[in-house]
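**Q** dropping a prediction and its sequence here:
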Amino acid sequence: MHNKSIKELASGLRSGEFSSVELTQAFLARIKQHQSLNCFISVTEDLALQAAKLADHRIATGNADLLTGIPIAQKDIFCTQGIKTTCGSKMLDNFIAPYNATVVEKLNDVGAVMLGKLNMDEFAMGSSNETSYYGVVRNPWQTDSVPGGSSGGSAAAIAARLSVCATGTDTGGSIRQPAALCGITGLKPTYGRVSRYGMIAYASSLDQGGPMARSAEDTAILMQAMAGFDPKDSSSVDMPVPDYQAGLGVDLKGLTIGLPKEFFGDGLSGNVAAVIEKAIQEYQKMGAVVKEVSMPNLKLAIPAYYVIAPAECSANLSRFDGVRFGYRCENPQDLTDLYTRSRGEAFGKEVKRRILMGTYALSAGYYDAYYIKAQKIRRLISEDFKKTLAEVDVIMGPVTPSTAFGIGEKMGNPIEMYLSDIYTIAINLAGLPAMSIPAGFAEGKPVGLQVIGNYFTEDRLLNIAHQYQQVTDWHQRSPKGFE
Amino acid sequence: METSQEWETVIGLEIHTQLATKSKIFSGAATAYGAEPNTQACAVDLGLPGVLPVLNEQAVTMAVKFGLAIEAEIAPYSVFARKNYFYPDLPKGYQISQFELPIVGNGHLDIDVDGTTKRIGITRAHLEEDAGKSLHENFHGMSGIDLNRAGTPLLEIVSEPEMRSAKEAVAYMRKIHELVRYLGICDGNMQEGSFRCDANVSVRPLGQQQFGTRAEIKNINSFKFVEKAINHEVERQIELIENGGKVVQETRLYDSVKDETRSMRSKEEANDYRYFPDPDLLPVFISEEFKSQIKAQLPELPNARKQRFREQYQLDDENAGILTASRQLADYFEFVVNESACEAKLCANWITGDLVAALNKADLDITESPVNTQRLAGLLLRINDNTISGKIAKQVFELMWQSSSTADEIIAEKGLKQITDSGAIETIIDKIIADNPDQVEQYLSGKDKVFAFFVGQVMKEMQGKANPAEVNKMLKAKLK
């Protein structure tokens, strides 16, 4: 059952081949069996079985959505009412959210069955899932390697077939990079397409929730349920949501693909480059036309990002002060002691690093040199994309410069860690949608192809991924021991 | 002050007005005052993880109203910013405010002090959210936090440093207070903190161009305290300088019990607020069309109305000022004028005199007046047609205040109708003249003042009900 697509599962549920309760039990059993991957922070077994029961009833009465009764999992960054919501931090280890995120509400409404809350880098700050208070997640393809981050729990759980699909969030590559390193499909939607309400903020102008699944088709189905305008989120965009599944049948003849030379430079490892080139050849076989393009400001993306994101995070994380919720230090002596020890004891190293960087960048006398300059660079990068996407339909390239690295390998060197997002970060700065598609393997580890489109062209991206998945089976491969 | 020859005071005010919206500026929670602690704070106000602000359009409309009323530039594009500082009653660790691009730009307001009009520049007015309240009593050595007020919309109105005395500052503050209530954007309740101000005060030798170092006095919530706090601060600064000291830039607190200001924090201890645009909120765009819509809805503003009252009703400056200080009082006056068709001056004198005095005594607002416009008009009508004298009218008014009867009912019931029957008056006059030969002698020998004695005696005899004009006329004829 765990290898079936959402459509296959939905039809099995409708034909009575299995019930949602049985399906949920099967996945819960797999989660237990593969606990050592550490994908989940919380497994909500009882609630899942209750939801499955309701879903079975709903299917029986004919009032069901494709996702009704399908086991899914939520990244632990989304607030879930009555359920611990940690954001991967000691700070929120005791936090039971009193409300549902809009995304959670939408998935509950269609009757999806939530298995639990997925592990992630602390407050979504990290590229390896190693900053989580709950420990690193292991990559099912090679368990001494990282799954990527920050949505590492989501990607690993899908790759290991512990959940059919999952939610993720992407601020600088946090959906695409783990999707690539775990060999699954992930979509980072246009900024504003998916509501951020109830999604614990890291960098508000960059954060975007999105779907992760094995195939583009499953991703499209999950995206359908997540997307849409939310009056509770001022940055969400009031535009109709297209039928993503209906858009999956378009052939790619004449599609123009831009290949930025900046994506294929020195930092890219040879074996990853080879996989990407092969994938692009596959697209050419389907009738796509390739064109080399250049986006000279891309090289500024990482420094700009590491000013803007920390600046926003330094304010976003101020609410974690030990006063109203979350961790509070023992016996505070006075107010300053309460603040400094609660925050000092509950935030991890990377979170503190970014709060400090952001506080510095916003300080009097530095604001213009850092924050304002970074915003200017952000506009230049957006301009680069705008110009390029006027010439070509989509941009393709690698998601990551290398395959999954070893656990502990980059933790001592933050700059090197930051560089693992070098191909994904610029897309967040521009607010564009992009996908990671399984494109093959290098030394036994998955490689992801990145496809970047114009604003609100998620339907086109999903179709481009889907067409590729009609002629390749990379997305179907199972890691050894998880078949 | 004896030093006023040498020193000049410079004052700028930052006035915080709570906007009278039903819900908070970024959430749907109610803004009503006085609820049980933390019962009017939703997830957004509590700053829970994941929540997002959504701007209340009513707050924007109110800010634009104010901007148009002070003839200010309304920014076509304004931006909300985060002001970062830690405080337990500031749930998010930042306050959403406006910094570089406020919604209301340069404007001005005319104030009257000692008969002269002065124009005070208003630098800007911006929207922001209020914080909660820290409560320091009865929590066993800890503090309690009430977040009901957190997220209440504020319009912070920042003046130019153009006031030169505490008196001017109070006049300006009163004028703003009057205006925001006219516009219906603030209830003006100072006890509940709906209207409060920070005063920036400095002194400089008279004639010097450069400003002195200023101190900011925080959170003053009455007109009286503003005046006292400024005067005290000015004295403190002058004394300090004259004794060879230096004013330091700092924030001070006014203690109304001890009538003094004391230091809260110095410039060095001041926060670096690290303002930056709030990524959770879109910029606010104000179109010309929106502006003209709001403009069309603006009521007649106090200064314009005062001018009109002087011209249309021939009122003096004082009466026109009192009547237009409140929109409701001015409305009351105009209703009475229309209803009674009496001379406006009579109406104005009665309203600013007896009515306002009675209201003040009972601590009531004009909207709570026991005597409504119709009943007052009924009374004035009877003065106008000589049914009763002004003196009797005061009695009638008092009875009206205590009952729901009309003036006519009271006059009839109490038999207060003025006697205009000249026969009756003549009989009394004859009697008074006969009874007071000495006074008649005095009057006839040129002591005009004695005339008033005769009037008084006649009125006394007739229990005040005689028509005074008639009494005068007949007495004069008889005493010739």
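**A** Ah, there it is. Remember, it's a predicted structure, so these values are computed and weren't measured experimentally.
**Q** what does chain B have sitting close to chain A?
**A** Neighbours of chain A within chain B, by C-beta under 8 Å from any C-beta of the partner chain: B:43, B:46-55, B:82, B:84, B:86, B:88, B:91-94, B:145, B:272, B:274-276, B:279-282. In short, each C-beta sits where N, CA and C put it, glycine included.
**Q** and stretch A:42-51, what's buried?
**A** By neighbour count on 16 or more other C-beta atoms under 10 Å in any protein chain shown, the buried set for stretch A:42-51 is A:Ser42, A:Val43, A:Thr44, A:Leu47, A:Ala48, A:Leu49, A:Ala51.
**Q** quick one: contacts for the fourth one?
**A** Meaning A:Leu47. Applying C-beta atoms under 8 Å, 6 or more residues apart in numbering or on different chains, we find A:Leu47 in contact with A:Ile83, A:Met114.
**Q** what does the first one give?
**A** With contacts defined as C-beta under 8 Å, 6+ apart, the neighbours of A:Ser42 are A:Asp76, A:Ile83, A:Lys84, A:Thr86, A:Gly116, A:Lys117.
**Q** pull the most distant pair out of the residues you listed.
**A** Greatest spacing in the contacts of A:Ser42, by C-beta to C-beta: A:Thr86 and A:Gly116 (11.7 Å).
**Q** now the common contact residues for those two.
**A** Both A:Thr86 and A:Gly116 are in contact with A:Ile41, A:Ser42, where contact means C-beta under 8 Å, 6+ apart.
**Q** still on that earlier bit, could the contacts of A:Ser42 go into a markdown table alongside pLDDT and secondary structure?
**A** A markdown table is the format used below for those (pLDDT from 0 to 100; DSSP: H, G, I helix; E, B strand; the rest coil):
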| residue | pLDDT | secondary structure |
| --- | --- | --- |
| A:Asp76 | 98 | coil |
| A:Ile83 | 98 | coil |
| A:Lys84 | 98 | strand |
| A:Thr86 | 98 | coil |
| A:Gly116 | 98 | strand |
| A:Lys117 | 98 | strand |
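**Q** circling back to that earlier point, just the buried residues from the residues of chain B next to chain A, in PyMOL please.
**A** Per 16+ other C-beta under 10 Å, the buried members of the residues of chain B next to chain A correspond to this PyMOL selection:
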select buried, chain B and resi 43+46+47+48+49+50+51+52+53+54+55+82+84+86+88+91+92+93+94+145+274+275+276+279+280+281
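**Q** in helices, which of the residues of chain B next to chain A fall?
**A** Counting by DSSP state H, the residues of chain B next to chain A place B:Ala43, B:Leu46 in helices.
**Q** which residue lies nearest the spatial centre of chain A?
**A** The residue lying closest to the centre of chain A (C-alpha atoms, centre = their mean) is A:Ile175, at 2.2 Å.
**Q** specify the local secondary structure of the closest residue to A:Gly440 other than its chain neighbours.
**A** With C-beta to C-beta, 6 or more residues apart in numbering or on different chains as the measure, A:Val275 is the residue that lies nearest to A:Gly440, at 4.1 Å, once sequence neighbours are left out. State at A:Val275, reduced to three classes by DSSP: H, G, I helix; E, B strand; the rest coil: helix.
**Q** how about low-confidence regions in the stretch 151-300 of chain A?
**A** Nowhere does the stretch 151-300 of chain A drop to pLDDT under 70.
**Q** show me which residues of it are close to chain B?
**A** For the stretch 151-300 of chain A, the contact set with chain B under C-beta under 8 Å from any C-beta comprises A:196-201, A:203-205, A:231-235.
**Q** now these as TSV including neighbour count, secondary structure and distance to B:Asn472?
**A** Converted to TSV, those look like this (neighbours: other C-beta atoms under 10 Å in any protein chain shown; DSSP: H, G, I helix; E, B strand; the rest coil; distance: C-beta to C-beta, whole Å):
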residue	neighbour count	secondary structure	distance to B:Asn472
A:Arg196	26	coil	84
A:Tyr197	28	coil	81
A:Gly198	29	coil	84
A:Met199	28	strand	87
A:Ile200	31	coil	87
A:Ala201	27	coil	84
A:Ala203	25	coil	87
A:Ser204	21	coil	82
A:Ser205	21	coil	84
A:Pro231	11	coil	75
A:Lys232	19	coil	77
A:Asp233	20	coil	80
A:Ser234	20	coil	75
A:Ser235	20	coil	80
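**Q** from those residues, which single one is nearest B:Ala75?
**A** Using C-beta to C-beta, these come closest to B:Ala75 at A:Ser234, 18.3 Å.
**Q** what sits against the closest one?
**A** Residues near A:Ser234 by C-beta under 8 Å, 6+ apart: B:Leu52, B:Pro53, B:Val54, B:Leu55, B:Asp280, B:Leu281, B:Leu282.
**Q** could you do A:Arg14 as well?
**A** A:Arg14 makes contact with A:Ile59, A:Ala64, according to C-beta under 8 Å, 6+ apart.
**Q** and the strand or helix carrying it, how far out from the chain middle?
**A** Using DSSP states H and E, A:Arg14 sits in helix A:6-15. Distance, stretch centre to chain centre, for helix A:6-15: 26 Å (C-alpha atoms, centre = their mean, to the nearest Å).
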